[in-house]
Structures are given as C-alpha cells and as structure tokens.
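> Return atomic coordinates for the entry below.
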Amino acid sequence: MPPVGGQARAPHRLDPAGGCPHEDNARLLARGAVAPVLLPGDVPGMVVLGHDALRDFLGHPEVAKSARHFTALAEGRIPEGWPLRTFATVPGMTTADDADHRRLRSLVGRTFTPRRIERLRPRVAALAATLLDGLADAARAGGGVADLRRHYALPLPLGVICELLGVADRHQDRLHDLSSRVVATDTGPEEAVAANRELLELLGTLAADKARDPGDDLTSALIAACDEGGDRLSRAELLGTLLLLIVAGHETTLNLVTNAVRALCTHRDQLAHVREGRADWADVVEETLRWDSPVSYFPFRYPVRDLTVDGTLIPKGTPVLAGYSAAGRDTTVHGPDADRFDVTRTPAAQHLSLGHGPHYCLGAPLARLEATLALEALFTRFPELDLAVPEAELPRHSGFVGNSVRALPVRLGA
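Predicted coordinates for the structure are as follows:
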C-alpha cells in the first residue's frame with residue numbers, strides 16, 4: 001500500500017496485548033497521517049492518525065461501515081474466532097449505512113438527546129455519592145488503598161446504562177466481564193467465540209424477560225419496535241443493539257473517568273487550576289478526551305472504492321481503524337505542546353474522540369454528564385486523593401481498541 005508518489009511503508013504491527021499507544025502514535029504520525037498496519041492474524045489494514053485526515057475520512061460519503069464492503073471477510077479469509085470479527089459483523093447501527101443506519105439510530109436516539117440526558121443528572125449524582133461511600137469502605141478494608149476503577153469508574157456508567165435498559169443489578173458484573181472480553185484484541189479464537197456466544201445468550205435471556213414483563217425502559221421499547229414487524233427492527237438487530245449499548249454505554253466512560261483521574265493525580269497543577277476557578281470539570285473531560293482518548297484505534301470503516309487520503313492510497317475494501325488517540329495529539333492541529341495535559345488550553349480543545357459525521361457517538365451527552373459529575377464528586381469528597389503506586393506501574397488495558405489501565409489503586413487522603 002504505497003503512498004501516492006512515494007515508496008512503500010512497512011506496516012506497523014499492532015500489539016494485540018495493547019499498551020500505551022502514544023509512543024507508537026508519535027512515530028507513525030511523524031511519517032504521515034495514514035499508516036498501513038497488520039491486525040491480529042496478519043490481516044492487512046490501515047489506520048488514519050492525523051486529525052484533519054481522520055475528520056475528513058469519518059465524514060467521507062464513499063466510506064462505509066457495513067461489513068459487506070470488507071473484502072477479506074467477503075472472500076472468507078477472516079476466521080470465525082478472529083478477535084475483531086464482532087466489531088465488523090454485529091448487526092446494529094455501528095455496522096449499518098445510509099437508510100439502515102438512520103432507522104436503527106432513530107430507534108435509540110430519542111433516549112440520548114441532551115435534554116433527556118440532563119434529566120438524569122440527579123440520578124447520576126446520587127449514584128456517585130453512594131459509590132463514593134463504597135470506595136471509602138474499600139479503602140478502609142484495603143489498608144487505605146482502593147481500586148478506583150473497580151469501585152467507582154466502572155459501576156457508575158454501568159449502573160446508569162443498565163438502568164436505562166432495565167437490566168437487573170445481578171447481571172451487571174457478568175455483562176461487564178463478557179463485554180470486556182468481546183472487545184479485547186488479545187483473545188484466542190476459542191475464547192472469542194465462547195465470549196460472543198455467551199454474551200448473545202445472556203442478552204437473549206434479558207430480552208425474553210422484558211418481552212414477558214415489559215417496563216418503562218429502552219429494552220422494552222426496542223422489543224416493541226421489533227414486534228411491530230416490517231422494517232423496524234429484526235431479532236438480530238435487537239440483540240446487536242443491546243450489545244452495542246451495553247458495551248459502548250459503559251466502557252468508554254469507564255476509561256474516560258479512569259484516564260482523567262490518572263491525569264489529574266500526575267498533573268497536580270492542572271487540578272489546582274480547577275479548584276482555583278481557571279478551568280471547570282467539563283474542561284477536564286474535554287482535555288482528557290483529547291489528550292488520552294478512551295478509545296485508541298476503533299474498528300472499522302471501508303472505502304467503497306480506492307481512496308486517497310492525505311496522499312496515501314487506501315484500497316477498496318480495506319479495514320480501516322480510526323486513530324483517535326493519535327489525532328488528539330496531532331501537533332499540526334493542537335500545536336507543538338499537543339502532548340501536554342492542559343485543562344486551560346485555548347482555544348478549547350477540539351478533538352474527534354467521540355467520532356465525527358453520521359456515526360458520531362450517540363451517547364456523547366451521557367458520557368460527558370457522567371464523567372463531569374463523577375470527577376467533581378470525587379475530588380470534592382476526597383481532595384487529597386492520589387495514586388497509590390507510580391504511574392509507570394499501572395497495568396495497561398488489554399488490547400489496542402480501548403485505551404486505559406486495568407486498575408487504578410488510589411489513596412483517598414485524610
């Protein structure tokens with residue numbers, strides 16, 4: 001896949017185990033806004049890394065999301081247990097185009113309007129307060145140390161999305177465990193197949209329960225749309241939409257809150273800016289989205305014809321990753337200090353970490369509300385909160401899709 005008018009570039013092999021993406025991103029960006037990559041199983045792909053190139057690519061009318069445009073998949077060269085297969089094939093709005101995408105998105109969209117999300121503010125605040133009590137209990141039981149990710153950053157968004165969907169509390173831990181395995185890129189074929197099968201079976205059970213006893217929740221509304229027949233929602237689309245809502249509805253915010261707390265603990269001057277009124281918690285959220293995007297390389301988009309992006313040819317049918325973590329530190333847009341965490345950055349940080357174009361993140365208002373309230377409540381309750389181990393010792397997230405750490409041990413302070 002040579003750049004137009006240039007020599008072929010050796011593809012960058014993405015590490016299925018993940019790790020911090022920023023060093024690789026900087027090296028790739030120095031060579032251009034688009035780079036060839038090798039996906040797990042040596043499947044060739046591309047990643048768009050530069051901010052402007054990614055913005056244009058995400059909104060390009062000849063770039064599709066449907067896996068029918070994925071050449072290697074259509075030719076039978078992608079095995080059933082390929083760890084990224086779910087991203088390509090799950091039925092739902094993230095793998096639909098045009099009229100199908102608009103139909104599926106409209107069924108969910110009314111739940112995620114800014115006005116409706118704002119009505120959740122008291123509920124999110126109350127849940128945050130309850131979880132902070134639990135975090136304090138965990139710290140007392142742990143000799144002053146507690147895993148903030150496990151006890152706070154995870155149950156807040158997971159609890160909210162499950163409440164919106166009408167999912168009982170008893171299913172939440174299993175849903176998170178399965179969803180984290182489904183989106184991991186370092187799973188073996190048998191584990192990947194088993195995790196997907198079990199998650200779909202669990203979602204099927206939840207849907208059946210709601211069909212028998214519907215409530216005032218989004219799952220019941222989606223089932224009603226499915227039962228209407230016609231072209232409203234198929235059974236496969238129902239389960240795919242539930243999978244998308246549960247996974248995207250908590251994993252992104254989980255990483256966002258985790259990354260923001262880690263950034264503030266290692267940049268105490270930026271925390272002081274907030275406390276002294278030179279920035280607010282919404283600024284922290286936006287700068288975290290830019291500086292340490294909760295999603296690093298998001299699969300997939302496919303050019304429907306050979307497409308040249310920023311001087312590099314992307315052949316028709318190539319699986320392309322959106323390099324959100326790289327675009328957030330693109331110096332051509334964010335300046336020479338793009339790798340510096342600065343909550344007072346002016347103009348306000350522009351970023352693509354929640355997408356762009358027709359597939360812009362439907363849950364963006366909810367993610368922003370949850371993260372803003374979570375950070376304000378946390379540092380108001382525990383103003384001396386700090387990391388319990390050096391940042392370099394924090395275990396990284398498994399896989400190259402999500403970008404965060406697997407645990408965040410903290411001391412709450414006096």
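> Work out for me the element residue 241 sits within.
When elements are assigned from DSSP states H and E, residue 241 belongs to helix 235-266.
> Mind checking what helix or strand follows that helix in sequence?
helix 268-275.
> Compute the inter-axis angle for the helix holding residue 241 and helix 268-275.
Angle, helix 235-266 to helix 268-275, by axes from the mean of the first three to the mean of the last three CA atoms, to 10 degrees: 100 degrees.
> Run a quick neighbour tally on residue 193.
Close neighbours of residue 193, defined as other CB atoms under 10 Å, add up to 16. C-beta: built from backbone N, CA, C; applies to glycine.
> and the gap between the residue nearest to it when sequence neighbours are not counted and residue 197?
Among residues not flanking residue 193 along the chain, residue 81 sits closest, at 4.9 Å (CB to CB, 6 or more residues apart in numbering). Relative to residue 197, residue 81 is positioned 11 Å away (CB to CB, to the nearest Å).
> Looking only at neighbour counts, state which of those two leads.
Between residue 81 and residue 197, residue 81 has the larger neighbour count (other CB under 10 Å), namely 16 against 11.
> what sits against the more buried one?
188-190, 192-193 (CB atoms under 8 Å, 6 or more residues apart in numbering).
> at 7 Å what do you get?
189-190, 192-193 (CB atoms under 7 Å, 6 or more residues apart in numbering).
> Now intersect these with the helices, please.
189-190, 192-193 (DSSP state H).
> quick one: residue 336 and residue 240, what's the gap?
Counting by CB to CB - residue 336 and residue 240 are separated by 43 Å.
> So residue 258 sits against residue 151, correct?
No. Here residue 258 lies out of contact with residue 151, judged by CB atoms under 7 Å, at a distance of 11.7 Å.
> Looking at these two, which is more packed in?
residue 258 (26 against 21).
> thinking again about what came up before, residue 336 and residue 240 - which one has more neighbours?
With neighbours defined as other CB under 10 Å, residue 336 and residue 240 compare such that residue 240 has more, 24 against 8.
> Run through the residues that contact that one.
90-92.
> ok, residue 59 - contacts?
Listed by CB under 7 Å, 6+ apart, the contact partners of residue 59 are 356-357.
> Same check on residue 267?
residue 341.
> Tell me where the stretch 251-400 of the chain is predicted with low confidence.
347-349 (pLDDT under 70).
> all strands in it, in order from the N-terminus.
297-303, 307-309, 312-314, 320-323, 386-387 (DSSP state E, counting those that start in this stretch).
> Residue 160 is nearest to which of the ones you listed?
Proximity to residue 160 (CB to CB) singles out strand 297-303 among the strands of the stretch 251-400 of the chain, at 21.9 Å.
> Check which helices and strands the closest one sits against.
strand 63-64, helix 85-89, strand 320-323 (3 or more CB pairs under 7 Å, 6 or more residues apart in numbering; DSSP states H and E).
> now these in TSV, with distance to residue 368 and mean neighbour count?
Converted to TSV, the helices and strands packed on strand 297-303 look like this (distance: least, CB to CB, whole Å; neighbours: other CB atoms under 10 Å):
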stretch	distance to residue 368	mean neighbour count
strand 63-64	26	22
helix 85-89	24	20
strand 320-323	19	27
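> List the contacts of the one residue sitting closest to the centre of the chain.
Centroid-nearest residue in the chain: residue 252, 3.7 Å away (criterion: CA atoms, centre = their mean). Each residue near residue 252 by CB under 7 Å, 6+ apart is listed here: 294-295, 367.
> hmm, try it at 6 Å
Residue 252 is in contact with 294, 367, counting by CB atoms under 6 Å, 6 or more residues apart in numbering.
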